[in-house]
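Q: curious how this folds, go ahead:
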Amino acid sequence: MYSQNIDGRWMHVRDPSLSLTPVLEIMRIEMDSIYIYDYNNLIEKGPAILEDRIILYKDTLTLRYTLANNNKLNVNSSSTKENTAKYPLEFIKLTQTKGELINSLTSNTYIFPFFKPALEVRIGEEIHDNNILYIKNKSFLVNKIIVEYSEGTYFLSFYLRETRKYTFPIREIFKDSFSVYGVPGFSNELLIKRVNE
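A: Residues are numbered from 1 along each chain as shown. Sure, this is the predicted structure:
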């Protein structure tokens, strides 16, 4: 029996400057199982025992977690076989994207103010100069931004040469803007506004 409801889909929020695989790691927690996905591709599943702030996964991995709020899960893990502690991981709970204007995202130019320097780009089009983007002093290189979809959630994904490098879930789509969450270093969702052309 566990006191906190952590069932659902959770996305690993990672440092964008690190080259980690999978890039978009999604963990689905159910009452007695955990499923790990690389975007839509199932890469691992196994039985889990969920107790108060502890998950025992496959009888070999102990996950100690805290809920920072209903949408943020901090996880520390240690292997019961090797008895080695791993660094803490941050996950955010994925929700279905609100709004029905998804087609408007790929036909407009938006400004991304949380990047340094601020980036103005049309979603879905190639960025001719590879851009080094910085989020809170962490850098990553990108030459295309596209919108992707998985189980009710749209994602703003950043690519370099056809390889996904990073992604943010989209919370809600409005007429002239949309909001993303899970941006490293920011606790709240961020608004991305359309540029009037």
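
Q: may I have the beta-bridge partners of E172?
A: K98, S179 (DSSP bridges).

Q: and what of F140?
A: If you apply DSSP bridges, the partners that F140 bridges to are L133.

Q: that one: how many residues sit nearby?
A: Per other C-beta atoms under 10 Å, the neighbour tally for F140 reads 19. To be clear about C-beta, it is placed using only N, CA and C from the backbone, and glycine gets the same treatment.

Q: with the one 10 residues further on instead?
A: Neighbour count of S150, defined by other C-beta under 10 Å: 17.

Q: chain neighbours aside, what residue packs nearest to it?
A: Nearest non-adjacent residue to S150, counting by C-beta to C-beta, 6 or more residues apart in numbering: N40, 5.3 Å away.

Q: cool, and E126?
A: Per C-beta to C-beta, 6+ apart, closest to E126 is K144, 5.6 Å.

Q: just the pLDDT for the one you found.
A: Looking at K144, its pLDDT is 84.

Q: which regions of the protein lie under the pLDDT threshold?
A: Under the criterion pLDDT under 70, the flagged ranges of the chain are 1-4, 16-23, 78-87, 128-138, 197.

Q: returning to what we had before: mind checking how far the residue nearest to S150 is from P169?
A: Per C-beta to C-beta, to the nearest Å, N40 is found 14 Å from P169.

Q: what do you get for G124?
A: 18 Å.

Q: these two: which is more packed in?
A: P169 (26 against 13).

Q: just give me how far the helix or strand hosting the more buried one sits from the chain centre.
A: Per DSSP states H and E: P169 is located in strand 163-173. Here strand 163-173 is found 7 Å from its chain centre; the criterion is C-alpha atoms, centre = their mean, to the nearest Å.

Q: by contact count, what packs against that strand?
A: helix 102-105, strand 138-150, strand 153-160, strand 177-180 (3 or more C-beta pairs under 8 Å, 6 or more residues apart in numbering; DSSP states H and E).
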